[in-house]
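Visitor: have a look at this prediction, sequence included:
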Amino acid sequence: MNIDQQRRYIRQTMLPEIGEAGQQKLLAARVLIVGAGGLGSPLITYLAAGGVGTLGIIDEDRVELSNLPRQTLYEQGDIGRLKVEAAADRVSELNPDCQITTYPYALTAENAVELIAPYDLVADGCDNFATRFVVNDTCVALGKPLVSAAISGFNGQVMTVMDGSPDYRALVHEDAPEANTCRESGVIGPLGAIIGGMQALEVMRVVLGMPALKGKLAVFDGRTHQQRVAILP
């Protein structure tokens, strides 16, 4: 690493679990982020700030006024802009080490392989079950690690799919009602920061080769601040 990088990442590299070798792994990592909303905002921020070298961001939505209480990557002046464009601008100001590729459209069964294949890992924080199943199935087929997170109401969860572990279909039935999503049932703003931060930490743990939530589900209850980790069947 150069002198600026050594200074920038010193609080991470001084950790024995990371060191300069671990930081080099982060700088070399390529992570695709599906969804630049309530989870994507903190996820993008912490991965970029932490030195993940390449981020792909896919989201077809534009910034709306109702996004601002929880999607803190954006501000009033971004209303009407494509989220991926506004996110790329923030990242360019945050860390020049992070290279961004934006995809201002939806991930579908038709383009999923093309989008996911170039990346080392996928972080899914999208807001609909149909896309989550496509992302899950494509990652499993390609052998790509997947860190999936979700929030709704006061509750959030994070899981990792890799190395043949139980996947998203072990957790959610394909006919799950979309009424469980934030758009339909609402969400408390800070929950996005909590779960998105947990998701960013999990992505880093996978990149660094640390023990991950493989085959496990971390569940957080924002009403009580209780957290538990369940073993998936």
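Guide: That came through, no problem.

Visitor: which outside residues touch the helix or strand harbouring residue 41?
Guide: If you go by DSSP states H and E, residue 41 is part of helix 40-49. If you take Cβ atoms under 8 Å, 6 or more residues apart in numbering as the criterion, helix 40-49 is touched by 31, 33, 36, 55, 57, 59, 70-74, 83, 87, 90-91, 94-95, 98, 100, 123, 125, 149, 192-193, 196-197, 199-201, 203-204. Backbone N, C-alpha and C define where each C-beta goes, glycine included.

Visitor: same check on stretch 73-90?
Guide: In contact with stretch 73-90 (Cβ under 8 Å, 6+ apart) are residues 36-37, 40-42, 44-45, 57-59, 61-65, 67-68, 71, 100, 102-104.

Visitor: list the buried residues in that stretch.
Guide: The neighbour-count check on stretch 73-90 (16 or more other Cβ atoms under 10 Å) flags 73, 74, 78, 82, 83, 84, 85, 86, 87, 88, 90 as buried.

Visitor: and if you look at stretch 190-206?
Guide: 191-206.

Visitor: what's the following helix or strand after the helix or strand of the chain with the lowest mean pLDDT?
Guide: In the chain, no helix or strand scores lower on mean pLDDT, DSSP states H and E than helix 182-185, which sits at a mean of 67. Once the chain leaves helix 182-185, the next helix or strand it forms, by DSSP H and E, is helix 189-208.

Visitor: taking helix 40-49 as reference, get the angle to that following helix.
Guide: Between helix 189-208 and helix 40-49, the angle comes out at 40 degrees (axes from the mean of the first three to the mean of the last three Cα atoms, to 10 degrees).

Visitor: show me what helix 189-208 is packed up against.
Guide: helix 19-28, helix 40-49, strand 121-124, strand 146-152, strand 155-161, strand 216-221 (3 or more Cβ pairs under 8 Å, 6 or more residues apart in numbering; DSSP states H and E).

Visitor: partner strands of the helix or strand that the second one is followed by, with direction?
Guide: Later in the chain than helix 40-49, the nearest helix or strand by DSSP H and E is strand 54-58. Sheet pairing for strand 54-58, assigned by DSSP bridges, gives strand 30-34 (parallel), strand 99-103 (parallel).
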